[in-house]
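# Need a 3D model of the following:
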Amino acid sequence: MTFVAELEPRAVWGHFDEILTIPRPSKGEEAMRRYVVAQAEAKGREVRRDRAGNVVVVVPATPGHEGAPVTVLQSHLDMVQEKNSDVDFDFAKDAIRPVRDGEYLTADGTTLGSDNGIGVAAMLAVLDGAGPGGEPLVHGPLELLFTVDEESGLTGAGELDGSLLTGRRLLNLDTEEEGSVYVGCAGGGDSLLRLPLAKAAAGGGGALQVRVSGLRGGHSGVDIHLQRGNALSLLARALWAAHRAAPLRVAALSGGSAHNAIPREARATVVAVDATAARAALEREGAAVAAEFAAADPGFRLAVEDATAPAEAWDEASSERALALLVALPHGVLATSQEIPDLVETSNNVAVAAEEGGALTVLTSTRSSVASALAAVRARIAALGRLADAEVEQGAGYPGWKPNLDSPLLATVKAVHARVLGNEPAIKAIHAGLETGIIGEKVPGIDMVSIGPQIEFPHSPDERVHVGSVERFWRLLTATLAELA
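Here you go, the predicted structure:
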């Protein structure tokens with residue numbers, strides 16, 4: 001047990017303290033699922049499962065409230081596993097090391113997993129049945145839906161067996177902005193480009209190691225409007241500038257780790273006949289980028305070092321096609337909403353690049369609250385890939401969630417928020433994928449809203465959760481359940 005279990009409300013933080021010790025990558029949530037099931041079975045609760053690995057725990061109503069409609073609470077079990085390159089940490093076996101930083105809880109050089117670990121912990125606290133002051137919770141019949149594989153593409157929700165749920169009103173606990181109630185989200189889809197690489201002997205010239213580091217990264221939906229640097233895009237930009245000044249060939253290139261995380265680090269090994277000129281061009285471009293991103297990403301660093309000459313490198317044509325493709329692929333905000341102030345409508349994240357099986361694979365993640373705009377950007381990415389002679393793979397993507405401002409559940413949450421927390425919440429849509437859009441298709445007619453505590457910079461080692469906001473979130477949740485009963 002760490003100090004986290006002593007924070008208030010202990011009902012929530014005690015479970016989160018345990019969650020910090022449990023590996024829960026996307027597609028590898030079995031240990032986390034076992035913990036949830038063990039908690040349910042210890043209390044004699046019914047557990048339902050589907051083939052995808054999603055779990056529903058059935059919680060009977062508190063006495064006197066058996067006739068209330070069923071309410072569904074929903075969070076996802078997996079987390080994004082990101083760490084700084086200089087941190088010695090193995091997500092498969094090491095417990096996340098929490099750090100108290102003033103009013104916030106963060107982690108020591110890794111993601112914290114408060115996204116969506118706080119939501120999961122709150123649902124387990126509801127299962128325990130103790131309210132904010134230690135009094136028994138009041139609620140109607142509940143179904144606690146724990147989904148899997150949210151972070152890698154919402155596939156757990158996409159494969160959800162809707163018959164697991166009888167409830168037709170749902171509180172999603174994956175919002176990360178205190179004081180806001182979310183009623184809509186963007187849809188999205190990934191594009192995988194596979195560019196075949198021809199190789200040849202490296203030949204003469206000098207080899208250089210080029211590395212971009214120090215960027216803040218963040219969630220490719222929630223943080224995309226902050227205009228932070230994308231390590232892959234900036235590395236490609238620098239290499240392209242150097243290539244125009246002193247032709248070079250690429251021997252290795254990689255960066256990024258997840259479709260929904262803005263890449264913070266990227267690296268490449270290149271060979272150039274005139275390594276001195278190439279180095280000078282790289283350093284000039286690095287200085288220009290540093291000045292350009294001084295406000296949004298002041299930690300940006302482009303380092304150029306001598307490297308051991310490789311035996312072979314991508315040939316001239318492959319090197320040029322790969323760099324041109326990475327430079328051409330769009331990153332960042334592409335359009336803002338004309339209807340909802342401050343809402344990003346459409347964006348793209350150049351997420352991951354790696355050499356695999358004789359090809360450069362590039363993964364991009366596109367989001368939009370407008371289906372036609374989403375399709376258009378993905379078509380543009382496919383066209384760029386084909387111009388570079390890359391194979392293009394694009395799945396069906398996932399739907400957005402259309403706001404319903406006449407929602408009865410929304411009216412209840414707004415009234416409880418005003419009464420319990422003393423202010424009217426902001427009603428918003430988010431430029432990120434929430435599972436609500438997919439669940440709404442699986443369970444037609446379900447009424448949904450999303451709430452949560454204040455979580456900042458998810459999907460990066462800067463992730464942090466405001467401790468006081470968790471207590472207020474817990475009071476809002478438990479009071480809403482009582483009102484719905």
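
# which residue sits closest to the residue located most distally from the centre of the chain, ignoring its sequence neighbours?
The centre of the chain is farthest from one residue, Gly204, which by C-alpha atoms, centre = their mean lies 43.3 Å away. Closest residue to Gly204 apart from its sequence neighbours, by C-beta to C-beta, 6 or more residues apart in numbering: Val273 at 6.7 Å. Every residue, glycine included, has its C-beta placed from N, CA and C.

# What's the local residue count around that neighbour?
14 (other C-beta atoms under 10 Å).

# So it is in contact with Pro247, correct?
Yes. Assessed by C-beta atoms under 8 Å, Val273 is found in contact with Pro247 at 7.0 Å.

# Report the contact partners of the residue nearest to Gly204.
204-205, 246-247 (C-beta atoms under 8 Å, 6 or more residues apart in numbering).

# rewinding a little: tell me the SS of the residue farthest from the centre of the chain?
coil (DSSP: H, G, I helix; E, B strand; the rest coil).

# From the contacts of Val273, keep the buried residues only.
205, 246-247 (16 or more other C-beta atoms under 10 Å).

# Let's have these in a markdown table, adding pLDDT and distance to Pro298.
Shown next, in a markdown table, are the buried ones among the contacts of Val273 (pLDDT from 0 to 100; distance: C-beta to C-beta, whole Å):
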| residue | pLDDT | distance to Pro298 |
| --- | --- | --- |
| Gly205 | 80 | 34 |
| Ala246 | 93 | 29 |
| Pro247 | 94 | 32 |
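
# And the helices in this protein, which stretches?
Assigned by DSSP state H, the helices in the chain fall at 10-19, 30-42, 114-128, 155-158, 231-245, 275-292, 316-328, 371-387, 408-421, 436-442, 467-484.

# Just name the most buried of the ones you listed.
Among those, the stretch with the highest mean neighbour count (mean count of other C-beta atoms under 10 Å) is helix 114-128, at a mean of 26.

# Show me what that one is packed against.
Other helices and strands packing on helix 114-128, by 3 or more C-beta pairs under 8 Å, 6 or more residues apart in numbering; DSSP states H and E, are helix 10-19, helix 30-42, strand 55-59, strand 71-76, strand 142-147, strand 455-456, strand 464-466, helix 467-484.

# Which strands or helices does the longest one pack on?
The one in question is helix 467-484. On a contact count with 3+ C-beta pairs under 8 Å, 6+ apart, helix 467-484 meets helix 10-19, helix 114-128, strand 169-172, helix 408-421.

# what about it, distance to the chain center?
Its chain's C-alpha centre and that of helix 467-484 lie 24 Å apart, by C-alpha atoms, centre = their mean, to the nearest Å.

# do the same with the shortest one
Centroid displacement of strand 455-456 relative to its chain, using C-alpha atoms, centre = their mean, is 12 Å.

# Mind listing the strands it pairs with, and their directions?
Applying DSSP bridges, strand 455-456 is found paired with strand 464-466 (antiparallel).

# Rounded mean pLDDT for the partner strand, please.
Strand 464-466 shows a mean pLDDT of 98.

# starting at the chain centroid, how far to that strand?
Centre-to-centre, strand 464-466 and its host chain are 15 Å apart (C-alpha atoms, centre = their mean).

# One more: stretch 459-466?
Counting by C-alpha atoms, centre = their mean, stretch 459-466 comes out at 11 Å from the chain centroid.

# okay, how far is it across it, tip to tip?
Taking C-alpha to C-alpha, to the nearest Å, stretch 459-466 runs 16 Å from one end to the other.

# can you check stretch 170-179 too?
19 Å.

# How far off centre is it?
15 Å.

# Over to stretch 213-223?
Computed by C-alpha atoms, centre = their mean, the chain-centroid distance of stretch 213-223 equals 10 Å.

# Check stretch 274-286 too.
Distance of stretch 274-286 from its chain centroid, counting by C-alpha atoms, centre = their mean, is 35 Å.
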